[in-house]
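Visitor: Quick one, fold the following:
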Amino acid sequence: MSNSSSNDSMEDEPSTPRSTNNVQDNVVTADSVPQGGSYQPTPPGSKFWIPEAKKKPVEGTEFDTIEQAFLFYQEYAREEGVKQPKKDKPKTDTSSSDIAEVVKVIKRRKRASQRCGCKALLRLRKTPCGNKYVVYTFFEKHNHSLVHENDYKYLRAARKLTFSKQQLLRQLSEANIGPTRAWKITNPYLSLVEFLSHYDTAVDSQRYIYGKNTHNSNYTAPDLKTHLVIEKEAADFYTHTIFYDVQDEIWALLMDCCSLSVQESESCSTFVIRDTEADYRIKGSWVQAKYEVTYVPDPLSAKCTCLRYECYGLLCRHIFYVLRMSRVFHFPKQYLDNRWTKHAMTHRSVDANKASPSSTNSDSVVDDTVREIYSNVEESIHHLVGDIQKLHIYRDDQTALMEKAKLDVPNPPKLNTNEAYARTLGVTEPAELTIFTPTGINNKGQVMRTRRKSKCEIAIELGDKPMRMCKTCRKLARHDSRNCPTKKNKGLEDEDVDQYMDDSD
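Guide: Residues are numbered from 1 along each chain as shown. Modelled structure (predicted):
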């Protein structure tokens, strides 16, 4: 597989050598994206990926039906994260139609494309007897990176509802909860039983949205408007949302910008750029928007009076225009802010959850086993729901297993809530409390309708009262059994009261 698209774009514009000063060492490339399969480059410079699956279709494999072959290929694709794109078809652009026929402009959401011209395929033909299908062509080399196992839940093939989830969505719809909100409630990246045993928090929702956006940035490509190499490199560096903003600036350099004058010196050049889109009106008259761009060729640097890069960290159309006039066709990486790139955050390890200190190895093994049992039961129900007799047999078998489990373990282990909280938070409960609530202060938000008395004033008031016998400590004191110091460590000590009385005298 050759990189024909990139080579054609390089031939349209002469390539300029990149200076070592223009390269950021901390910019993460696309090679660090978590991928499945094995990457194999070829001598001409093209590259392809081969899935490392346990069960691969080979020529001569026979299947009873087409559906069986399709399910086998789906399982093979799922094991190594092979995307199954449709055949390439030309994408019609309705926005470029005749202007006279346009009645209403409809703003549509920008969608990235997954079409990459992959030649991987599996072909079947009927056997001579006509009752089976045999594989006669299988090409497994892909010209795109394979989806990592953790990102499989974001693919279209994973968007399938089991019978249990369909029932839950129907019940939620009867409670006036729409399908979109109901799907968020069911937590689509967990099974139904996992949803019943887990609660969806705001952090989990944010992580799912972040993972979905990261998956789209890594495995989809936005549509390009021009043939410029700088636009293609920006699509490789930036996330989709930021790239669309940069793409508008690159498009504007061709449509709305022109150079009015250039002043050259030994070290730098000053360009006066006219921006027709930024024209403004003052007292009914239009004022032309002009910006000055100072360009230094060695080392490469540019600064514009619009201060877009200083404010947002993204280059403006005026600097892009000057770079194109100066025959700089590659994206200057010293102006590539890492916070806007696809790999601004380091990728989390695949085994991060397994190695967390908050859970032991035994707990993780138990959780994995329980989730596997739940998933198997849910999948079995999904297959048997159409046959009520087999579903009754499956229920009876499950009931027999439950009775056997009760006989084997009559008393299930009791769960300690404090230990569960300690494992979740990653801390241990101290044996002795060393931090207490401070006394003599108002809690935040607490309303005191009376004046707070000092200890001296309280001691004087207690001194006017006669002592009485405490039933708890059997002493004449200024307390009773309810607030006895020997019973509860609160209230004033008698010695303190006597001391305040002596001081007041």
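Visitor: quick one, domains of the chain?
Guide: Domain assignment for the chain, taken from automatic domain parsing, gives 4-25+222-340, 361-425, 455-504.
Visitor: hey, which of those domains is tucked in deepest?
Guide: Among the domains of the chain, domain 4-25+222-340 has the highest mean neighbour count (mean count of other CB atoms under 10 Å), at a mean of 16. C-beta coordinates here come from the backbone N, C-alpha and C atoms, glycine included.
Visitor: In three-state terms, label the nearest residue to V229 once chain neighbours are set aside for me.
Guide: Closest residue to V229 apart from its sequence neighbours, by CB to CB, 6 or more residues apart in numbering: F329 at 4.9 Å. The assignment at F329 comes out as coil when based on DSSP: H, G, I helix; E, B strand; the rest coil.
Visitor: R125 now?
Guide: What three-state DSSP gives for R125 is strand.
Visitor: What's the separation between the closest residue in space to it that isn't next to it in sequence and D64?
Guide: Leaving aside its chain neighbours, R125 sits nearest to Y136 (5.3 Å; criterion: CB to CB, 6+ apart). The gap separating Y136 from D64 is 17 Å, by CB to CB, to the nearest Å.
Visitor: Likewise for D245?
Guide: According to CB to CB, D245 stands 53 Å off from D64.
Visitor: next one: L433
Guide: Relative to D64, and taking CB to CB, L433 is found at 69 Å.
Visitor: Quick check on those two: which one has the bigger neighbour count.
Guide: Set side by side, L433 and D64 show more neighbours around D64, with 10 against 7, by other CB atoms under 10 Å.
Visitor: Let me see the contact set for that one.
Guide: Contacts of D64 were listed using CB atoms under 8 Å, 6 or more residues apart in numbering, and they are 131-133.
Visitor: hmm, back to that, how many other residues sit next to the residue nearest to R125?
Guide: Based on other CB under 10 Å, the number of other residues close to Y136 is 12.
Visitor: Go through the contacts of D64 and single out the one with the most neighbours.
Guide: Most neighbours among the contacts of D64, by other CB under 10 Å: Y133, with 18 neighbours.
Visitor: mind listing what that one touches?
Guide: The contact partners of Y133, by CB under 8 Å, 6+ apart, come to 62-66, 69, 124-127.
Visitor: of the residues you listed, buried ones?
Guide: Buried by 16 or more other CB atoms under 10 Å: 63, 69, 124, out of these.
Visitor: I'd like the contacts of Y133 as CSV, with distance to Y394 and pLDDT appended.
Guide: Formatted as CSV, the contacts of Y133 follow (distance: CB to CB, whole Å; pLDDT from 0 to 100):
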residue, distance to Y394, pLDDT
E62, 30, 83
F63, 27, 84
D64, 24, 83
T65, 25, 83
I66, 28, 80
A69, 28, 81
L124, 33, 83
R125, 38, 83
K126, 35, 82
T127, 35, 83
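Visitor: about what we covered before: secondary structure class of the residue nearest to R125, three-state.
Guide: Here Y136 is recorded as strand under three-state DSSP.
Visitor: I'd say it and E59 touch.
Guide: Yes: the criterion here is CB atoms under 8 Å, and Y136 meets it with E59 at 6.2 Å.
Visitor: and the gap between V366 and P410?
Guide: In this view, V366 and P410 are 20 Å apart by CB to CB.
Visitor: Great, nothing more from me.
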